[in-house]
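Engineer: Pasting the sequence and the predicted model now:
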Amino acid sequence: PSLPSSRPLPYDTMAAALVQYVVLRGDLARPPSSWPLGAVVAQGCHAALAAVHGYREHPDTGAYLELGAAMTTVVLEAPNENSLLDLSELLKQNGVDHRLWMENPEGIPTCLALRPYPKNQVKEFLRNFKLLK
């Protein structure tokens with residue numbers, strides 16, 4: 001007989017539906033800002049890592065990380081700074097765990113990321129945002 005694993009296994013039906021949403025400002029990559037693609041991608045990476053680290057004790061975060069190569073991340077576009085800040089406020093008002101990433105030392109809000117969530121728990125807050133292209 002095999003011994004039970006010491007690591008908790010993801011709960012199958014929920015783990016398959018876990019998603020981490022990252023919302024990047026699309027205007028940063030276009031004139032007049034014209035940030036390099038790598039700089040914009042780095043903002044998304046920073047926000048995603050900050051959210052996972054900040055909510056590392058949450059069971060959904062652990063289950064998401066256990067998925068390994070099967071993790072799902074959806075990158076959405078906020079058209080500008082105000083839309084990103086409005087989304088952050090909406091998420092706060094509704095108790096949705098997330099991290100707003102600020103580029104420093106300038107203090108520019110560039111991106112936000114939710115901790116991993118079952119898609120059906122947060123999709124209503126993100127329905128007005130399109131996939132980043």
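Structural biologist: Nice, thanks for sending it over.
Engineer: how close does Ala48 get to Thr110?
Structural biologist: From Ala48 over to Thr110 the distance is 12 Å, taken as CB to CB, to the nearest Å. (Each C-beta comes from the backbone N, C-alpha and C, glycine too.)
Engineer: and what of Glu66?
Structural biologist: Computed as CB to CB, the Glu66 to Thr110 distance reads 29 Å.
Engineer: go on, Arg99?
Structural biologist: Arg99 sits 12 Å away from Thr110, going by CB to CB.
Engineer: joint contacts of the two?
Structural biologist: Ala47 (CB atoms under 8 Å, 6 or more residues apart in numbering).
Engineer: returning to what we had before: which of Glu66 and Thr110 has more neighbours?
Structural biologist: Using other CB atoms under 10 Å as the criterion, Glu66 and Thr110 rank with Thr110 on top: 23 against 16.
Engineer: Need phi/psi at the more buried one.
Structural biologist: Torsion angles at Thr110 (phi, psi; degrees, to the nearest 10) stand at phi -120, psi -30.
Engineer: same check, this time on Pro79
Structural biologist: Main-chain torsions, Pro79, degrees, to the nearest 10: phi -60, psi -30.
Engineer: Run through who's touching the lengthiest helix in the chain.
Structural biologist: Ranked by residue count, the top helix of the chain under DSSP state H comes out as helix 37-54. Contact with helix 37-54 is made by 20, 22, 24-25, 28-29, 61, 64-65, 73, 75, 97-101, 103, 110-116, as judged by CB under 8 Å, 6+ apart.
Engineer: what sits against the residue nearest the centre of the chain?
Structural biologist: Per CA atoms, centre = their mean, the C-alpha nearest to the average position across the chain is that of Ala113, at 2.8 Å. Going by CB under 8 Å, 6+ apart, Ala113 touches Gln20, Tyr21, Val22, Val23, Gly44, Ala47, Ala48, Ala50, Ala51, His98, Arg99, Trp101.
Engineer: now, which of these sits nearest Glu57?
Structural biologist: Comparing the contacts of Ala113 against Glu57 with CB to CB places Ala51 closest, at 12.8 Å.
Engineer: and the closest one, how many neighbours?
Structural biologist: When neighbours are counted by other CB under 10 Å, Ala51 comes out with 24.
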